[in-house]
Structure formats: C-alpha cells, structure tokens
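>>> I'd like to go over a predicted model; first the sequence, then the structure.
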Amino acid sequence: MQQQHTEDHSNPLDVLFNFLKKSDEDSFINSEYLSEFANSDNEEFTLLQLATTNGLSRAVKSLLNHGADPNKTTIKNITTPLEIAVQKDDDEILHLFLNHETINIPSCIAMKILRNADYKTDRIINLYDSVFKDKLDVNIYDEDGNTPLHFAVAHANPKAISYLLKVGASIVCRNKYEVRPIENIDAKILEAHLNECLEADEATNINEINFSAIYKYKTLVQPQRIKHKGKLSKDICVEKEIPQLASEIEVISYINESEKLKHLLRHPIITSFLNIKWHRILWLFYTSLALYISFCLSLILYVLVVYNNRNNNCSILLSLLCITLSSIIVKELFQIVTLNIYSYSKNFIKMALIILTTIMIFQRRDTLRIEVSALAILAVGYELITLIGQLSKVSSKIIIWRAVFLQSLHAMLWRLVLLLVLSLSLFTVVFIGEDKGDAENYSSIIKIVLMLTNVFGTSYINYQTYCIINALVIALLLFSLIRVLRAKAKQLAKNNFESDINMGRLEYISYIESVIQGGYSCLPSKIIKEILVKGILVCPYFLKGYRAAVYLNQQARVALIDSKEYSKTCIYLDKQTSNRTKQLILKQRMNKKRTVSSR
C-alpha cells in the first residue's frame with residue numbers, strides 16, 4: 001500500500017487523472033498538483049477533456065481558473081472540450097467555456113448550440129446576452145441557411161424574437177427553402193421592434209430646434225456576411241465578404257404585399273428608409289427623366305414640323321429623333337436582358353412607343369401619318385407623366401387625379417353603355433332614313449349624346465367644319481360624365497395618397513434594383529461594380545452604422561452619424577413622417593413615466 005502511494009506520489013499527473021476517472025472532484029480540486037499540471041495531458045486526453053467527458057463541472061471550473069487552455073486537444077483526441085460539452089448537452093459546463101475569454105468557437109459548433117437551444121424558455125436570451133453578442137455574428141447560419149431568428153420564429157418565442165431583433169438579427173435572411181423570418185413574425189412583435197428602432201434623448205425638449213431622433217435600420221436590410229474561417233473568438237479578426245448589390249427594400253416590399261403587415265408601411269422607420277433610398281437612386285431617376293424629356297421634345301417637333309408636312313424634310317430633327325430613340329432602345333434592351341419576360345411585359349407602352357416611332361421614321365405612307373403620330377404622342381406623354389409623377393412635389397396631384405379618374409370611370413361604365421344604346425336608338429329613329437354622309441352621321445350621334453347628357457345646346461355646331469371644337473366637346477363630355485362621383489373619389493384618394501406615393505416609389509425603386517442586379521454580373525470591371533454598389537446601397541456605405549439622425553424641427557433634415565458627430569445632408573423627410581416620429585417619441589416617454597410611477 002505504501003509502495004502504491006509512492007508511485008502515485010511520483011506521478012502527479014496520474015494522480016490527477018485518477019481523481020477524474022473516479023469522479024472525485026473534491027480531491028481533484030484540493031490537489032497540490034493542480035496548479036502546475038492544469039494544462040497537461042496523457043496523450044489520450046487533456047485534463048479538461050476528461051473532466052468535461054465525465055460531466056465534472058466543478059473540476060472544469062477549477063482547471064479554467066488555474067489556466068487550462070479550453071482549446072487544447074491531443075493527437076489521439078482532436079475533439080475540443082467545448083464540442084464535448086455540446087455532445088453531452090451539458091449546459092453548466094457549456095456556459096463555463098462560453099464565458100471564458102480565450103475560447104475559440106467553431107462556427108458549426110456555435111450553430112449546433114443555437115439550433116439545440118431551448119427556445120421555449122429564456123435560455124436562448126441568457127445565452128446571447130452573456131456570451132454570443134460579443135463573439136458571434138447574430139446572423140450566423142447553418143448548412144440549411146437558418147439563422148437564430150429562424151429558430152426563434154419557428155418556436156414562436158416572442159421574447160427570443162424581440163431580443164434577437166434588438167441585437168441586430170435581420171428579418172430578410174433567406175434559408176435554402178427561400179423562407180424569411182418576416183414571413184412568420186407576428187405583426188405586433190414587428191411593430192414593437194420598429195418602435196424600439198426609434199430613439200431620442202429623453203432630457204431634450206421635443207420642440208427645441210436642435211432636437212434629433214435616431215432611426216435604426218439594421219434589421220431591415222441584408223446583413224454583411226462574415227467569412228468564418230472555422231473559428232470565432234472575441235479577439236479573432238473576421239473578414240467581411242466582397243460587397244454585393246442586394247435589394248434593400250425586400251422587407252418593405254413584403255410588408256406592402258402582406259395584409260397583416262401593410263399598416264406598417266406608414267411607420268416612420270419604413271417611410272424614412274424609403275425616402276433615403278429614393279435619394280440614393282435619384283441620379284438614375286433624373287438621368288432617365290432627362291432622356292425621356294429629350295425624346296418627347298424631339299418626337300413632338302418631328303411630328304409637328306416634319307412628319308405631317310410633306311414639303312418639309314428637316315434632317316436635323318430626324319437625326320435628333322434617331323439619336324434619342326437609339327438611347328431609349330439601348331436602355332430598354334438592357335432591361336430586357338436583365339429582367340425576365342414577365343417583369344418587362346409590364347412596360348408594353350414603352351415597347352409600343354418604340355415600335356410607333358420606328359414606323360414614323362422608316363414608313364411615311366400618307367394613310368398612316370395621322371394615326372401613328374397621334375398614338376406616338378399619347379404614348380410618350382403617358383410615359384413622361386408617369387415618370388414625373390415619382391417626384392414628391394407633383395406625385396400627390398398625379399396620384400389623386402389617377403385615382404379620381406379610374407374610380408369614377410369604373411363607376412360610370414354601365415351608365416356610358418346605357419347612354420350609348422339610347423343614342424344609337426334615337427339616331428336610328430331620327431336619321432336612318434335621311435341620305436347623309438358618314439361625317440354628318442357621326443356628328444349626329446355626338447349631338448344626341450350631348451343632348452341626352454343635358455350639358456350643352458349643340459344643335460348649331462358644325463362638327464365637320466370645326467374639328468377643334470369637336471375635340472374640345474368630346475373632352476368636356478368625358479369629364480362631365482364623371483363629375484357625379486368626382487368629389488367622393490377625390491376625398492378617398494386624398495385619404496390614401498400618402499400610401500400611394502410610398503407604393504409608387506417602392507415600385508420604381510424595386511424595378512431599378514431588379515434591373516441593376518440583373519446586369520451587375522455583366523459589368524466587366526470590379527471598380528465599376530464597387531462604384532455602383534457604393535452609389536446605390538444605403539447600408540453600410542451611406543449609413544455606415546445602419547442608422548441616421550433626423551433633426552425633426554429643421555424640416556426633418558437627415559444627418560449622418562460618424563462616431564459621436566452628426567454631418568447634415570441635403571435629404572429631408574416628409575412632414576407626415578416627422579409628425580409620426582414625434583407622436584411615437586411622446587408615446588414612449590409617457591409609457592416610461594407610467595412604468596416608473598407604477599413601481
């Protein structure tokens with residue numbers, strides 16, 4: 001017995017291993033050899049590996065306190081103590097490792113921890129709050145593309161969802177099944193998160209001239225993916241992927257399409273981001289607008305001066321029209337290449353405009369002159385008005401006019417049919433027996449229509465001679481037919497015009513992003529790609545910290561946040577967004593006061 005004690009005494013490492021094998025934690029912790037051999041191994045296990053394998057949490061804690069390396073392995077056993085703890089599903093030992101400063105966390109192990117976490121309780125929140133938010137990208141994903149937010153949403157844990165959103169989890173990350181977290185998030189949770197994305201200094205008076213609010217956008221956009229080189233730690237340097245051109249309004253587009261979330265389209269966080277994004281692509285809009293104005297002017301001048309005048313053959317106007325048409329064709333061809341056929345088919349008026357203009361240039365038959373020129377001018381005018389309608393100063397008027405016209409026309413459609421039938425009946429009774437020319441017959445129908453509407457006394461008008469008066473009367477007739485419902489439709493349009501403006505801008509921005517994303521891979525130079533990415537994206541190149549400051553009492557002027565300094569921009573938010581922001585801030589302050597008083 002004395003001999004055995006001497007052998008054990010001469011092999012202190014064996015003594016320590018024997019304590020662990022026997023699960024004798026008290027003897028192991030109190031051993032005089034522990035501080036010297038804490039980081040040792042017997043070629044098969046390290047002391048930390050064996051203690052973790054046997055589930056000896058006190059021994060693990062003591063080894064870590066004495067300087068044992070939590071990342072060390074042996075030649076025969078390359079499994080780290082952290083991985084062993086995950087395999088054993090030992091929460092206590094797992095937290096000891098995760099809270100250690102020198103721990104290296106393999107990304108695959110990190111995702112395994114998150115995937116197996118208990119999302120039905122607050123365990124996942126404690127896990128993130130104590131460790132992962134400093135060592136791990138919150139948007140890390142597993143082999144199926146699932147992020148921690150995917151897991152939290154799948155388990156319907158409101159607290160976990162709210163916490164992950166608060167620390168920057170993106171609601172737009174897609175897994176390999178194309179599922180995004182936003183698709184299953186409750187509307188109230190998302191609205192509460194958007195409210196939390198709006199911050200302001202409580203001590204500052206909301207009516208002061210320098211009062212500013214902070215808008216946070218991190219969860220709305222695609223995250224910058226991090227290239228994980230196998231391990232993550234607090235001190236390890238991670239490399240971000242090469243910048244890619246991704247859609248930044250995917251979340252807003254989904255909100256617009258979702259019935260349960262559509263009311264959030266007017267939230268200040270959403271409208272402000274849409275406004276900033278609009279200003280980022282404004283240079284593309286003005287380029288397109290200048291091109292269409294040039295084309296419109298050249299087309300109208302060509303029609304008025306050359307096309308309908310057989311004796312005039314001005315080569316300058318023809319050349320100008322050819323140049324502007326070629327520019328339009330190149331622009332549309334680029335869109336055809338980058339978009340699918342269905343997406344581009346919505347631009348049928350543009351296609352018709354190109355065809356009509358081409359016919360005007362190459363086919364100058366007398367029988368087609370008037371019809372082709374009239375249709376071409378109508379088409380180019382429609383496209384120009386639609387494009388100008390994106391400007392905030394005129395968009396509301398154009399949207400209201402469009403809503404009034406479409407709703408009233410739809411309501412009056414059956415009346416127009418009845419009116420036409422009555423007109424034809426009277427025409428048959430009164431004029432069928434008289435021998436008159438076609439022009440006189442057509443003018444008779446118009447007279448009857450006007451008489452039935454009781455708008456004008458038109459019996460004295462010679463429609464065949466005064467063709468301009470004829471056109472004016474027809475226009476007045478159309479507007480008189482819809483005057484009954486005009487007031488009601490206008491009021492309805494006014495109530496919804498702000499949402500319509502946002503939807504119009506959203507549609508245009510989405511279209512621009514689709515075109516640029518489709519042609520991005522075709523660009524030959526990496527420099528051009530980088531310039532395009534930095535010139536289009538809002539985050540993180542324009543808003544480096546995924547946030548912006550807004551001076552609400554300075555016409556809602558947007559400022560960039562650089563460290564603690566604000567640099568003002570030429571971007572201004574609309575009055576509705578500014579007012580809603582103030583209302584939310586006041587509401588937040590009232591809620592905090594109630595919470596404090598209730599305590």
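Arrived safely.

>>> list the residues that contact Glu43.
74-76 (Cβ atoms under 8 Å, 6 or more residues apart in numbering). The way it works is simple: take the backbone N, C-alpha and C, and place the C-beta from them, glycine included.

>>> hang on, it in a strand?
No - using DSSP: H, G, I helix; E, B strand; the rest coil, the secondary structure at Glu43 is coil, not a strand.

>>> gap between it and Phe17?
11 Å (Cβ to Cβ, to the nearest Å).

>>> before we move on, what about Thr147?
41 Å.

>>> for Ala38, see how far away Thr595 is.
From Thr595 to Ala38 the distance is 48 Å (Cβ to Cβ).

>>> neighbour count for those two, which is higher?
Neighbour count, other Cβ atoms under 10 Å: between Thr595 and Ala38, Ala38 has more, with 19 against 9.

>>> please name the nearest non-neighbouring residue to that one.
His66 (3.9 Å; Cβ to Cβ, 6 or more residues apart in numbering).

>>> tell me the contacts of the one you found?
34-35, 38.

>>> likewise Ile125?
159-160, 163.

>>> secondary structure element holding it?
For Ile125, the host element (DSSP states H and E) is helix 123-127.

>>> mind listing what's buried along that helix?
Within helix 123-127, the residues that qualify as buried are 124-125, 127, counting by 16 or more other Cβ atoms under 10 Å.

>>> CA-only coordinates of it in PDB, if you can.
This file holds the C-alpha atoms of helix 123-127, laid out as PDB (Å, rounded to 0.1, in the frame of the first residue of the first chain):
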ATOM      1  CA  ARG A 123     -32.300  30.300 -22.000                       C
ATOM      2  CA  ILE A 124     -31.600  31.500 -25.500                       C
ATOM      3  CA  ILE A 125     -31.800  35.100 -24.300                       C
ATOM      4  CA  ASN A 126     -29.400  34.400 -21.500                       C
ATOM      5  CA  LEU A 127     -27.100  32.600 -23.900                       C
END
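
>>> pLDDT on that helix, on average?
Helix 123-127 shows a mean pLDDT of 74.

>>> repeat that for stretch 544-558.
90.

>>> how long is it end to end?
Start-to-end span of stretch 544-558 (Cα to Cα, to the nearest Å) is 14 Å.

>>> now swap in stretch 272-287 and tell me
Where stretch 272-287 begins and where it ends lie 24 Å apart, using Cα to Cα.

>>> could you chop this protein up by domain?
Domain segmentation of the chain under automatic domain parsing yields 1-97, 282-388.

>>> most neighbours per residue, which of those domains?
Mean neighbours per residue, mean count of other Cβ atoms under 10 Å, is largest over those for domain 1-97, with a mean of 17.

>>> what's the local residue count around Asp137?
21.

>>> can you give me the end-to-end distance of stretch 107-121?
Span of stretch 107-121 from end to end, Cα to Cα: 23 Å.

>>> residues making contact with it?
Residues outside stretch 107-121 that contact it (Cβ under 8 Å, 6+ apart) are 82-83, 86, 89, 94, 123-124, 127, 132, 136, 140-142, 146, 148, 151-152, 154-155, 157, 160, 228, 230-232.

>>> which helix or strand contains Gln49?
helix 47-53.

>>> show me what that helix packs onto, helices and strands only.
helix 12-21, helix 57-65, helix 81-88 (3 or more Cβ pairs under 8 Å, 6 or more residues apart in numbering; DSSP states H and E).

>>> for Gly381, what are its contacts?
Counting by Cβ under 8 Å, 6+ apart, Gly381 has contacts Cys296.

>>> before we go further, it is sitting in a helix, right?
Yes - assigned with three-state DSSP, Gly381 falls within a helix.

>>> tell me where the model's unsure across this protein.
Within the chain, the segments meeting pLDDT under 70 span 1-10, 130-135, 225-245, 307-314, 337-347, 364-369, 389-504, 517-530, 563-564, 599.

>>> for it, just list every one of the strands.
105-106, 198-200, 212-216, 226-227, 231-232, 239-240, 547-551, 557-562, 565-572 (DSSP state E).

>>> can I get these in TSV including mean neighbour count and distance to Asn579?
As requested, these are arranged in TSV below (neighbours: other Cβ atoms under 10 Å; distance: least, Cβ to Cβ, whole Å):
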stretch	mean neighbour count	distance to Asn579
strand 105-106	20	46
strand 198-200	19	13
strand 212-216	21	12
strand 226-227	12	39
strand 231-232	18	44
strand 239-240	10	38
strand 547-551	22	12
strand 557-562	17	15
strand 565-572	13	14
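
>>> so for Ile512, which of the ones you listed sits nearest?
strand 565-572 (17.7 Å; Cβ to Cβ).

>>> now for the closest residue to Ser253 other than its chain neighbours: which residues touch it?
Nearest non-adjacent residue to Ser253, counting by Cβ to Cβ, 6+ apart: Ser510, 5.8 Å away. Residues near Ser510 by Cβ under 8 Å, 6+ apart: 247, 249, 253.

>>> how about a cut-off of 10 Å?
Residues counted as contacts of Ser510 (Cβ atoms under 10 Å, 6 or more residues apart in numbering) are 247, 249-250, 252-253, 256, 343.

>>> could you dump the residues you listed into CSV with distance to Cys539 added?
Shown next, in CSV, are the contacts of Ser510 (distance: Cβ to Cβ, whole Å):
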residue, distance to Cys539
Ser247, 12
Ile249, 12
Glu250, 13
Ile252, 13
Ser253, 16
Asn256, 20
Ser343, 25
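
>>> taking those residues, tell me the two that lie furthest apart.
It's Ile252 and Ser343 that sit farthest apart of the contacts of Ser510, by Cβ to Cβ, at 18.1 Å.

>>> quick one on the thing from earlier: ok, the residue nearest to Ala38 to Ser40 distance?
11 Å.

>>> mutual contacts of the two, please.
In contact with both His66 and Ser40: Leu47, using Cβ under 10 Å, 6+ apart.

>>> which residue is the nearest non-sequential neighbour of Asp90?
Gly55 is the one closest to Asp90 (Cβ to Cβ, 6+ apart), at 5.7 Å.

>>> same check, this time on Lys568
Lys568 sits nearest to Ala559 (Cβ to Cβ, 6+ apart), 4.7 Å away.

>>> the one you found touches Tyr572, doesn't it?
No - Ala559 lies out of contact with Tyr572 (Cβ atoms under 10 Å); the separation is 11.0 Å.

>>> shared neighbours of the two, anything?
Shared contacts of Ala559 and Tyr572, counting by Cβ under 10 Å, 6+ apart, come down to 550-551.

>>> closest to Lys216 out of the domains of the chain?
domain 282-388 (23.2 Å).

>>> just the terminal-to-terminal distance for that closest one.
12 Å.
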